[in-house]
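[1] Here is my input; please provide its structure:
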Amino acid sequence: MDNAAKQLTPRIQIALENKEWLKAYNLCLALLASDPKSEVGRYCLIDSLIMAERFDLAMTKVREFLQEMPKNNRLSLYLLHLLVYHREFEEATTVGRMLLKRTLSTSEQRDAMLHTAFALHGKGEIRQAVRLLNALLEEDPLNTDAFETIGKIFFEQGHLDEAERIFLELSEVDPTHPRVHQLLGLLYSEQGKWEEAILEWEDALEISPSDEILRELGWSLSMAGEKDAAISMLEEALSLNPMNLQARIDLGSVLMDQKNIERAISEWKIAQTQDPGNSMIRLYLENAQKAAARTTDAATPRKRSRKKGDA
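    Numbering: from 1, shown residues only. Predicted coordinates:
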């Protein structure tokens, strides 16, 4: 490595640590211009593109580098990750199985096992995916990604008791896991266990606040009969993200339950501008407008018809 390359490498690493992807990318290009074979330059270039969510270009660069370094484990792992992201599960499975036949470091082995399991799951080869994930957990009992994926598979397959067991175990392994309480909230919602779901969504909200968690909490509160609290949560979700369509639809539904028809119509009209072709919103609006018309008719005094002989 020449002096220029030695000077560029720490600057690239600092840029990546600061999430300055464009700066890191340009520094990597300068490093590769100085030292075209630099592995550090190649790896950091890919990292900067992934940080920028330029996944197509990252994939192109990985394939380009692999032509010169076909046995490079790190490049092969980049390829596996990107193939899973692009849902190219057939090729991802092939790459993953190839990697697992190589001599890998412990971290590389576990990474390859996890992402090959993701690919198998994506292909619908459920048993093989679970088998590989269980093997990963034997090697790494605290691997939260493996726990989460097994739980999701059980959930998808309708094995709700098994899914709950896995998610609860995950919550013990990592109580602040960013998704475990969301997964338990979805699981309990699926079973109609609204009080349990509320507790999980509240925990999820404390760990990782978002408009979508607020929406789920709001809907669970509504189903548990806590309509005012539900409205408050859904309004908060919309204050964070006014474009959360489902939150606005749900808010309209709860307002209808509270007989606040005019405001429900207002919310659904906004929702309709966001998604004009949504037949469900159109149906909700039509029914609400009919209900409003009936309410108006009922409140309008009727004129008494005259009888013969009346003055």
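[2] Would you check how far apart the residue nearest the centre of the chain and I261 are?
    The chain has R179 as the residue nearest its centroid, 9.0 Å off, counting by CA atoms, centre = their mean. Taken as CB to CB, to the nearest Å, the spacing of R179 relative to I261 amounts to 37 Å. C-betas here are computed from N, CA, C, even on glycine.
[3] re earlier: just checking, the residue nearest to the centre of the chain touches F147?
    No: with contact taken as CB atoms under 8 Å, R179 and F147 are classed as non-touching, separated by 10.5 Å.
[4] for L187, phi and psi?
    Reported as degrees, to the nearest 10, the phi and psi values for L187 are phi -60, psi -50.
[5] Look at L199 and say how many residues are nearby.
    16 (other CB atoms under 10 Å).
[6] quick one: which helix or strand includes it?
    With elements taken from DSSP states H and E, the one containing L199 is helix 194-207.
[7] which strands and helices sit next to that helix?
    Contacts defined by 3 or more CB pairs under 8 Å, 6 or more residues apart in numbering; DSSP states H and E place helix 194-207 against helix 180-190, helix 211-223.
[8] can you give me the offset of that helix from its chain's centre?
    Taking CA atoms, centre = their mean, to the nearest Å, one finds the center of helix 194-207 at 17 Å from the center of the full chain.
[9] in that helix, what's buried?
    Within helix 194-207, the residues scored as buried using 16 or more other CB atoms under 10 Å are W194, E196, A197, I198, L199, E200, W201, D203, A204, L205.
[10] Might you list the low-confidence residue ranges for the stretch 151-300 of the chain?
    Under the criterion of pLDDT under 70, the regions of the stretch 151-300 of the chain flagged as low confidence span 296-300.
[11] all strands in it, in order from the N-terminus.
    In the stretch 151-300 of the chain, no segments count as strands under DSSP state E, counting those that start in this stretch.
[12] distance between stretch 23-37 and the chain's centre?
    Centre-to-centre, stretch 23-37 and its host chain are 33 Å apart (CA atoms, centre = their mean).
[13] swap that for stretch 145-162, sorry
    Once both centres are worked out by CA atoms, centre = their mean, stretch 145-162 turns out to sit 16 Å from its chain's centre.
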